[in-house]
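[1] need a structure here:
(one chain, ligands or ions: 1)
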Amino acid sequence: MPDSYLHTQKHAARPDWNLIEKKWRNIWDEQKIFESDPDSTKHKYLVTVAYPYPNSPQHIGHGRTYTLADAHARYKRMRGNNVLFPMGFHYTGTPILAMSRRLVSGDIDLYNTFRNVYGVPSEVIESFNEPVNIARFFHQEIKEGMKEMGFSIDWRREFTTIDEAFSKFIAWQFNLLKKKGLIIQGSHPVGWCPRDQNPVSQHDTLGDIEPIFIEYTLVKFHLNDTYVLPVATLRPETVYGVTNLWVNPHVKYVVARVLEGNEPMWIISHDAVLKLKHQGHNVDINHEIDGTKLVGQYVRNPITQNSLPIYPASFVDPKDGSGLVMSVPAHAPYDYQALLDFTNGNSSKEMHNHEIVKPITIIESEGYEGDNVVPSQIIIERLGVEDQHDPLLEKATSELYSHEFYKGRLKENTGKYAGMMVSEAKDLIRSELLQNGIGEILYEFVKKPVKCRCGEECVVKVLSDQWFLKYSEAQWKDLAHECINRMDIVPDEIRSEFNYVVDWLKERACARKSGLGTRLPWDQDWIIESLSDSVIYTAYYIISRYIHFDDDNNIPAQNLTESLFDYVFLGEGSSKRISEETTLSEELICNMRTEFTYFYPVDTRHSGRDLVPNHLTFFVFNHVAIFDRAYWPRQIVVNGSVLMDGKKMSKSFGNIIPLRQAVREHSADTIRVAMLSSAELLQDADFSFEALKGIRSRLDDIYQMGIHLSISDNIQKSLKQLYHSQGVTESEDKWILSMMQRRIRDATELMDRLRVREVLHTILYSMEQDLQWYKKRIRSKGRFDLLVNTILSMFLETRIKLIAPFAPFLASEVWNSIVGDAAKIKEDLDWPGVVEEYTDPATEESEDLIKNLIQDIQNILKVTKMKPTCVNIYTSAKWKWKVYQRILELIIANRNSSLSDVMRALGENSEISLARSDVKLVKKIMEDVLSIPAERRSLKLNIKNLDEMMAIEDAASLISSELGDQNLEIFVFSEDEEKAKKNDPQSKARSSRPFKPAIYLI
Ligand SMILES: [Zn+2]
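    Okay, the predicted model is just below:
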C-alpha cells in the first residue's frame, strides 16, 4: 500500500490542467481569498504593478512582470501578511485613438493583426471605429488572461482611467500640484509628432523609445557680411580652436531668412529648416545653393575674428545640426583624423589643392601639456585609430571630451577665459554667445530617428502655451533623491540609474490636445497625458472599492470633492464637514481614511526595466510632492524583458504568442515557472517551447508523487503519530529531514531578495536530487515502511509549499489531495519555516561521505578496468581527526595560514605532534580544508568526530548496487584497529584522511 509510490512511476495519465485550473479559480473566487480588508492583527503588504494599456491582448512578453508580482504577493501572503494586490486599466492617451483611425481608414495590416494574430471576431473589429470599444474589448481579454494565469488580484478595486470618479481624483492631483507651483505654463521643448500634432513620450513611439533630446549651441560664422553659416556644437568653448568649416559638396543647401532685423540670411540644410521651424523660428527660404559653391570660401570666426576656410567633406550629414560642421582638430579627434586623411590623399579628390590648416590647441590638461601638443593627435595615436571610419574614434572622442571637461584648463589664446577650467567656462561662453546674438539654441534627439507609432518621424518642438510638470525644480529633485536613496531597489545595481534620471529630467509636457483621459481642471482644452495620470493611482486602489461598489451603490462622481480627497489622502479637514458637503456618511468617509492609512504606502512596485526613465521615476516624483514621508513607496522591483527563442517578440517576426493561448496549450503553472526560472531579474528571459516541455514534465512528476501518496490520505494523522513515537534513527531519514531545512532556509533567503530563478532551481533541481538520493538509500535497504511514507509526504508537503507562489494550481491540487481540505487552503498552505531540531549537519556530512566514496571507487574502476569481488575501505585513525580539527581551527582563524604556521601549531599539542613526521598528510589535509566553502568550515568544526565506519556500513548495500554488483562485498576497517593491519596488504590505511577513507579493491 504505502510503497505504491516507489513502484509505480510515471504510469498515470497526464492530468488535464485546464480543468484543474478552472476548478481552483472557482474555489479561490468563492472563498474570496484575494480580497483584502484592513486587519490590525496582521502586517499589511501592498503589491502593485504597472497597470496594462488595453490596446492588444497580453502576450508572453507582458506576462513576466505580472507573474513576478503575483509570485511576490503569494509569497508574502504565505508568510502571514495581509497582502493587497489590486489592478486597474490604463485607457488614457492617443495610441488607442490612432488605432481606431487606422482601422477606419482601411489599414489591412492592422485588421489582419486583430483578426488573425489576436483572434478578434470581425463583428467586434467593426465596433472599433469607436476608440473606447478597443479599450473595453482588450480590457476584458486581459482581465480573463490574468485570471487564467492565476494572479491573486483583489478585483473589487478595479477601475479604468477614464471612469468619471477617477477623473475627479486626477483633477484633485493636478490642482494640488499646481497650487504647489509644480505645474507651469511656458515655452519648453518636447518630442513631437508632426502628423498627430501631439507631444510624444515612450508610449507613443515605435519600439517604445524614450525621446531624449539635448541642447546644442548654434555658433554663427559670417561669410562676407552677406551670409551667416550657423554650426551646431555641444562644446561652445572650442570656438576658439576652430580652424575651418566642413560642408558637404553633394548636398543642396538653402539660403533663408531666419531672424527678423539686420541679420544676414542663413545658409543651412533643408532638414535644419524644418527643425528651426518647429523650434520657434520663422524661416523663409529664398533660394537653394550647391554645397560645392561654398567650398573654398572663407568665413569669419565671430569670437576670434580669424578668417577660416570652408573645406569639402562627404561625412557631413545634412540631417545633423545645421548641415555644416565646425572643425576643431586639436580637441575633436574626428576633425583631426579627417584632416589627416585628406593630407594622406585618402580624399584628395575632394581636397583639390586646398592648403592644410594647422590645429589650434586651446585646452591644456594632465597628460596633454606642452607647447606643440595636440590632444587629438595623442589620443588617436594611443588608441591606434586607422581612418575616419574607424569606430575607435567614438571612444577617442568621448574619452577626450570628458577628460577635458573635468580636468582641462583654457590656454592663454582664449582671451578673458584663459586659465579657467573648461567645466566652468563652458556655460559662460555659451551665455556670452547667446546674449550677443552670436549663438542660438538648437535641440536634437540623442538617438535618431525617433518614430511615432503612426509612422511619422518625430521632431523636437518648442511649445509656447503648453502645460509642464516642473521636474527641473531643485527642491523637488532633492526629495526624489531622498526617496530613492532610502527605498529598497531590486536589484540594487539599478539605483544609480534612477538617480541619474532624476537629475536629467527637465520640464515635461503633461497635457495633450487629443486622446482619452481627464481634462486639465483649469483649462478644459487640454487632456492630461498618459504618463502624468498614472503616477499616484496606487493610492486610488485603496478607496476604489467604496467608490465603484456596484452599479447601484457607486458614489456619484460629483460627491467626490477635493476636500474629500484632502481628508482621505492627506488627513486634512474634518470628516463631519465633508460629510455635510458631500452627503456621504461620516462613517464611509472615515472608513476610506482608515483603509488608506492601513494599506498605504506601496510596499513594492513591479515594472519592466524600460519604465525606469519615465513612469517609475515620475511615480517617485509625484509621491514625494503629494504625500508625507510615511506614505512614500518602499520598494521598486525592475525586471528584464522576454525573448522568444533568443529573438525580441514582435509582430514582424511573427513570434507573438497571446498569453491566453499559451495557457491553454501549456498550462498556467508551466508558463509562470518558465518566465521566472530562465533568467536573473534584470536579464532578458529567453522563452522556448523546448524549455516549456522540460518544466511541464518536472511539474508533472511532482503531481504524480502527490497522487500516489494521496492513497494514504486517511492515515496521515496516524502516520505522523507513528513518526513522533518511533523517532528517527536511520541516517537517510535524518539526512533528508535536514536537507529539507536547508532548502527551506535557502529558498526563504533568496525569495526575500526576489532571486526567483535560484529559488526555482532549488525547488525543481536541488530538491529533486535530494529525493532521488533518498529513494536510492531506502530501496537499497529494502525499506518501505510507514515512516518512509510519512517522510516522503513531509518532503512533498514542503516542496509543494515552496513552489506554491510560482505554481499555485499544482500546489493547491496536490496539497489538497495529500494533506488538507480545500476550505482551509488559505490558512494551511503557508510558507514552511525551518525546524531547527531536524537540522543535522553531521548526517549531511556522512551522506556526502558516501556519495564521494562511491564516486572515488567508480573512478578507480574506470581507470583500472577491474572487476573486484570485494572492496576494503579504511577510515582514518582518531589522531588524524584531531589534526584535522586543529587545521580547521587555524584556517578558520586565518585562511592564509602557511604550512609552517600549521606545523608549529601541531607541535604545541603532544597528542597530534606525531603528524609533523608526515608533511604530505598535513599538506593534503590543508588542501581538503581549503577546498570547503568558507561558510561550511565552522559547521564541520562542530561535527568533531564523524563515525565514518558506521555511516559506510549503513550504506554498504547501496555502495554495492551503485557499483553495479549486488554481490560485491564491502568491508570497513578503522585504521586504529589491529584487524585493519591484517587486511591491508598495500598499507592503504596510512593514506586515509578524515572525510576521505582509503580504498583497496580485491
Ligand atoms: Zn504620430
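
[2] pLDDT weak spots in the stretch 701-850 of the chain?
    710-720, 722-724, 819-822 (pLDDT under 70).

[3] quick one: buried residues of the longest helix along the chain?
    Longest helix of the chain, by residue count under DSSP state H: helix 841-864. By neighbour count on 16 or more other Cβ atoms under 10 Å, the buried set for helix 841-864 is 842-847, 849-850, 853-854, 857, 860-861. All C-beta spots, glycine's among them, are computed from the backbone N, C-alpha and C.

[4] how about those residues, which pair is most distant?
    842 and 861 (29.0 Å; Cβ to Cβ).

[5] re earlier: run through the buried residues of helix 841-864 and flag the ones next to the ion.
    Among these, no residue lies close to the ion (Cβ under 5 Å from the ion).

[6] Looking at those residues, which one is closest to residue 94?
    Using Cβ to Cβ, the buried residues of helix 841-864 come closest to residue 94 at residue 844, 61.0 Å.

[7] I'd like to know how far that closest one sits from residue 371.
    73 Å (Cβ to Cβ, to the nearest Å).

[8] Can you find the residue of the stretch 101-250 of the chain that comes nearest to the ion?
    residue 193 (3.2 Å; Cβ to the ion).

[9] can you pull the contacts of that residue?
    Neighbouring residues of residue 193 by Cβ atoms under 8 Å, 6 or more residues apart in numbering: 199, 200, 204, 452, 454, 456, 458.

[10] Excluding chain neighbours, what is closest to the second one?
    Spelled out, that is residue 200. Using Cβ to Cβ, 6 or more residues apart in numbering and skipping residues adjacent in sequence, the residue nearest residue 200 is residue 191, 4.5 Å away.

[11] That neighbour is in what secondary structure piece?
    Assigned by DSSP states H and E, residue 191 belongs to strand 183-193.

[12] Given that strand, what are its sheet partners and their directions?
    strand 198-199 (antiparallel), strand 459-469 (antiparallel) (DSSP bridges).

[13] continuing past the shortest one, what's the next helix or strand?
    Elements were assigned by DSSP H and E; along the chain past strand 198-199, the next helix or strand is strand 213-223.

[14] Buried residues, that next one. List them.
    213, 216, 217, 218, 219, 220, 221, 222, 223.

[15] what angle separates the very next helix or strand once past that strand from strand 213-223?
    For strand 213-223, the following helix or strand on the C-terminal side (DSSP H and E) is strand 227-233. Relative orientation of strand 227-233 versus strand 213-223 (axes from the mean of the first three to the mean of the last three Cα atoms, to 10 degrees): 150 degrees.

[16] Strand 227-233 pairs with which strands, and in what direction?
    When DSSP bridges is applied, strand 227-233 pairs with strand 213-223 (antiparallel), strand 265-269 (parallel).

[17] What's the first helix or strand after that strand?
    strand 244-247.

[18] distance between the next helix or strand after that next one and the chain's centre?
    Using DSSP H and E, the helix or strand that follows strand 244-247 in sequence is strand 252-257. With Cα atoms, centre = their mean, to the nearest Å as the basis, strand 252-257 stands 48 Å off its chain's centre.

[19] before we move on, what about stretch 320-332?
    Using Cα atoms, centre = their mean, the offset of stretch 320-332 from its chain centre is 39 Å.

[20] any idea of the mean pLDDT in it?
    In this model, stretch 320-332 has an average pLDDT of 94.

[21] Can you tell me the closest non-neighbouring residue to the residue of the stretch 251-400 of the chain found nearest the ion?
    Closest residue of the stretch 251-400 of the chain to the ion, Cβ to the ion: residue 278 (13.9 Å). Spatial nearest neighbour of residue 278, chain neighbours left out: residue 461 (4.4 Å); criterion: Cβ to Cβ, 6+ apart.

[22] OK, contacts around residue 807?
    Residue 807 neighbours (Cβ under 8 Å, 6+ apart): 669, 672, 673, 699.

[23] What separation is there between residue 206 and residue 941?
    62 Å.

[24] no wait, residue 903
    20 Å.

[25] And residue 432, by the same measure?
    Using Cβ to Cβ, residue 432 is found at 72 Å from residue 941.

[26] just residue 273 next, same as before
    79 Å.

[27] re the thing from before, could you list which of the contacts of residue 193 also contact the ion?
    Among these, the ion is touched by 452, 454, 456 when using Cβ under 5 Å from the ion.

[28] Which members of the residues you listed are classed as buried?
    Using 16+ other Cβ under 10 Å as the threshold, 452, 454 are the buried ones among the ones next to the ion among the contacts of residue 193.

[29] so which one among the ones next to the ion among the contacts of residue 193 has the lowest pLDDT?
    Taken together, the ones next to the ion among the contacts of residue 193 show their lowest pLDDT at residue 454, with 82.

[30] Contacts only, for that one.
    Contact partners of residue 454, counting by Cβ under 8 Å, 6+ apart, are 98, 102, 193, 195, 196.

[31] what's near enough to touch residue 874?
    972-975, 980, 984, 988-989, 992, 997-1000 are the contacts of residue 874 under Cβ under 8 Å, 6+ apart.

[32] Need the three-state assignment for it.
    Here residue 874 is recorded as strand under DSSP: H, G, I helix; E, B strand; the rest coil.

[33] excluding its backbone neighbours, what's nearest it?
    Closest to residue 874 by Cβ to Cβ, 6+ apart is residue 989, at 3.8 Å.

[34] for residue 944, same thing?
    residue 885 (6.7 Å).

[35] Could you name the helices and strands sitting against whichever strand or helix holds the one you found?
    Secondary structure assignment for residue 885, by DSSP H and E: helix 878-893. Helices and strands touching helix 878-893, by 3 or more Cβ pairs under 8 Å, 6 or more residues apart in numbering; DSSP states H and E, are helix 899-907, helix 919-930, helix 934-943.

[36] Residue 289 falls within a helix, correct?
    No. Membership of residue 289 in a helix is not supported by three-state DSSP, which gives strand.

[37] Pull the number of nearby residues for it.
    Residue 289 has 15 neighbouring residues, counting by other Cβ atoms under 10 Å.

[38] Use 514 as the first number from now on
    Will do, 514 is the new start, and the previous item becomes residue 802.

[39] correct me, but it touches residue 762?
    No. Taking contacts as Cβ atoms under 8 Å, residue 802 lies outside contact range of residue 762: 11.6 Å.

[40] which residues touch residue 565?
    Residue 565 touches 571, 575, 602, 603, 655, counting by Cβ under 8 Å, 6+ apart.

[41] tell me the secondary structure for it?
    Residue 565 is classified as coil under three-state DSSP.

[42] got the contact list for the helix holding residue 1398?
    1410, 1414-1415, 1418-1419, 1422, 1424-1425, 1427-1428, 1434-1435, 1438-1439, 1441-1443, 1450-1451, 1453-1454, 1457-1458, 1488-1489, 1505-1508.

[43] quick one on the thing from earlier: the residue nearest to residue 713 contacts residue 975, doesn't it?
    No. At 11.6 Å, residue 704 does not count as touching residue 975 under the criterion of Cβ under 8 Å.

[44] The two: which is more packed in?
    residue 704 (25 against 16).

[45] That one bridge partners, please.
    What pairs with residue 704, by the bridge criterion (DSSP bridges), is residue 973.

[46] Which one of the buried residues of helix 1354-1377 is nearest to residue 830?
    residue 1357 (66.3 Å).

[47] I figured that closest one was touching residue 1249, is that so?
    No. The pair residue 1357 / residue 1249 is not scored as a contact, 10.0 Å apart, by Cβ under 8 Å.

[48] joint contacts of the two?
    What both residue 1357 and residue 1249 touch, as defined by Cβ under 8 Å, 6+ apart, is an empty set.

[49] got the residues of the chain near the ion?
    Residues of the chain lying near the ion (Cβ under 5 Å from the ion): 706, 708, 709, 965, 967, 969.

[50] Enumerate every residue touching residue 598.
    547, 560, 561, 582, 583, 586, 664, 665, 666, 667.

[51] at 6 Å instead, please
    Residues near residue 598 by Cβ atoms under 6 Å, 6 or more residues apart in numbering: 560, 586, 665, 666.
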